[in-house]
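Chemist: no sequence on this one, just coordinates:
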Ligand SMILES: Cc1ncc(COP(=O)(O)O)c(C=O)c1O
């Protein structure tokens, strides 16, 4: 399809499956003859002809809108039965535009203490300079959010599962608390990057806004950055779109086109990656040198009831975090000795990826906030790709064995000198 989309002819109906929407876009009203290319054309242009002075067509300039970006926005919105999304060059670009759209000097936001480090940096270091206050709380208890809301609170921002601790937040409960405690003055935004609309639907659960880094699972192939704001609040979307025009954060047409292409296989990928993650998490939990495994699908997961209620299809996403015996130094060796899983600052791709949150994604989060959130120096984030589960597990366990061999004798020696011979305890 080339040219612009007539948004009025698009009707999302719950009867259309998520896979069908990801592949064909939202259902159309009535019988509409389809023509043109099966795959949306890449409209790689900065600008559009104007027939007369003052008469622009649907598009005038690609900082404001572009047909390839439109195509992506329509499908992203349809996945949540929402209006067309607003797409950005990165996830943080989307967040920044949302925050500028909602917050002014003197306003206040309540945020989860374990969220993406870049979101924390935006509030702690940039928005604070502009007079926007923030309070970080453990949102797994809705009462913490209630207590933190003040008459100036305009936004509650949560991420669930939390990054990288995988702690969950009850979206429906937070939606109720936000409405009650703010008297309807605050919006609830949920960063849904880790599960996507396939496995979790924040808007259906009462949130006002879903936020995405499409760089991750949605594009899925590590080839282009992007972000999106999804909502049914048309006035808010208009303001976010206007903010994007003012600040220039729109996604490039080629990146939008790549994101649309990746999105077609999102349901298939995230389902399979989640199944593989389940197997790998269960394997890691059995390893005697692994101290902690965080994954909502594990039998002993403390919030198993919430995971079952909030996550769709009995699947819990593709991200695991874990800590090995020997703390930070052993963790470093695991990260550096994995051969299949790649050491990168990224998550949600078709390749399995390892990240060290403390030095990478969460380096700008103050140490005390990291500690409070359970982001320890030895925590490892593992983003499961599409390799076979056995080979991912074998790779990690091989790296763990190397770390154990290197660290444990040293630890025993140290404990012998310091503690007069206290034995190293493996678990
Ligand atoms: C959960 C989450 N939200 C938002 C972002 C920011 O997205 P981007 O890197 O596309 O700016 C990231 C990046 O890692 C993330 O993991």
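Modeler: Received the coordinates, thanks. As the structure is a prediction and not an experimental result, all values here were calculated from the model.

Chemist: in this protein, which spans are strands?
Modeler: 86-88, 108-112, 133-137, 153-159, 187-191, 209-213, 227-231, 290-294, 319-324, 342-343, 353-355, 380-383 (DSSP state E).

Chemist: So which residues on the stretch 151-300 of the chain come close to the ligand?
Modeler: Within the stretch 151-300 of the chain, the residues that sit near the ligand (C-beta under 6 Å from any ligand atom) are 159, 163, 191, 193, 213, 215-216, 225, 227. Where C-beta positions appear, they are placed from N, C-alpha and C, glycine not excepted.

Chemist: coming back round to it: just the strands of the chain: most buried one?
Modeler: The densest packing among the strands of the chain, expressed as mean neighbour count by mean count of other C-beta atoms under 10 Å, is seen in strand 86-88 with a mean of 31.

Chemist: for it, packing partners?
Modeler: Under the contact criterion of 3 or more C-beta pairs under 8 Å, 6 or more residues apart in numbering; DSSP states H and E, the helices and strands touching strand 86-88 comprise helix 67-78, helix 91-102, strand 227-231, helix 234-247.

Chemist: Out of those, the one nearest residue 280 is which?
Modeler: Taking C-beta to C-beta as the criterion, residue 280 comes closest to helix 91-102 out of those, the separation being 25.1 Å.

Chemist: Please name the residues that touch the residue lying closest to residue 271 once chain neighbours are set aside.
Modeler: With sequence-adjacent residues excluded and distances taken as C-beta to C-beta, 6 or more residues apart in numbering, residue 271 is closest to residue 315, at 6.2 Å. The contact partners of residue 315, by C-beta atoms under 8 Å, 6 or more residues apart in numbering, come to 199, 270-271, 274-275, 278, 297.

Chemist: ok, and the most crowded of the residues you listed?
Modeler: For the contacts of residue 315, counting by other C-beta atoms under 10 Å, the largest number of neighbours falls to residue 270: 25 neighbours.

Chemist: which residues does residue 327 contact?
Modeler: Applying C-beta under 8 Å, 6+ apart, the residues near residue 327 are 376-378.

Chemist: Could I get the phi/psi values of the closest residue to residue 217 other than its chain neighbours?
Modeler: What sits nearest to residue 217 in space, not counting adjacent residues and going by C-beta to C-beta, 6+ apart, is residue 348, at 3.9 Å. Here the main-chain torsion angles of residue 348 (degrees, to the nearest 10) amount to phi 80, psi 30.

Chemist: what's the burial count for residue 348?
Modeler: Around residue 348 there are 26 residues (other C-beta under 10 Å).

Chemist: leaving aside the residues next to it on the chain, what's closest to the residue in the stretch 151-300 of the chain positioned nearest to the ligand?
Modeler: Closest approach of the stretch 151-300 of the chain to the ligand (C-beta to the nearest ligand atom) occurs at residue 213, with a separation of 3.0 Å. Counting by C-beta to C-beta, 6+ apart, residue 91 is the residue found nearest to residue 213 once chain neighbours are left out, at 2.6 Å.
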